[in-house]
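**Student:** The following comprises the amino acid sequence and a computationally predicted model.
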Amino acid sequence: MANGTTSSFANSILNPQVTDSVSTTNATVIGQSPATAMGSLYQTVGNSVAMAAANAVYAQQQANVTYQTASTIAVAHLVSGT
């Protein structure tokens, strides 16, 4: 190529089957992109909602333990008279 010759690819004619295959693949990828993006979004939102529900359950369990402890201490003070 340094001696002034050109690439054999530049002089060849592209096979129409190859260009059709590449065009079809590009159209398929572009056509499926919105569905793939929405699927990913739905999975992310679903995971976020599940984590929020799990955190709410955990917070409620911890609050119930705290309420029970406070009630127990209050009853103990009432019974002991202090």
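**Tutor:** Right, received. Where do you want to start?
**Student:** three-state assignment of residue 14?
**Tutor:** Following DSSP: H, G, I helix; E, B strand; the rest coil, the label given to residue 14 is coil.
**Student:** burial of residue 54, as a residue count?
**Tutor:** Neighbourhood size, residue 54 [other Cβ atoms under 10 Å]: 10. All C-beta atoms are positioned from the backbone trio N, CA, C, and that covers glycine.
**Student:** Against residue 80, how distant is it?
**Tutor:** Taking Cβ to Cβ, to the nearest Å as the measure, residue 54 falls 39 Å from residue 80.
**Student:** Check residue 24 too.
**Tutor:** 83 Å.
**Student:** And those two? Which one has more around it.
**Tutor:** Set residue 24 next to residue 80 and count neighbours by other Cβ under 10 Å: residue 24 wins out with 10 against 7.
**Student:** Helices of the chain, residue ranges please.
**Tutor:** Per DSSP state H, the chain carries helices over the ranges 8-11, 16-80.
**Student:** Quickly, which of the ones you listed bottoms out on average pLDDT?
**Tutor:** Among the helices of the chain, helix 8-11 carries the lowest mean pLDDT, at a mean of 57.
**Student:** Out of the helices of the chain, which one sits most buried?
**Tutor:** helix 16-80 (a mean of 10; mean count of other Cβ atoms under 10 Å).
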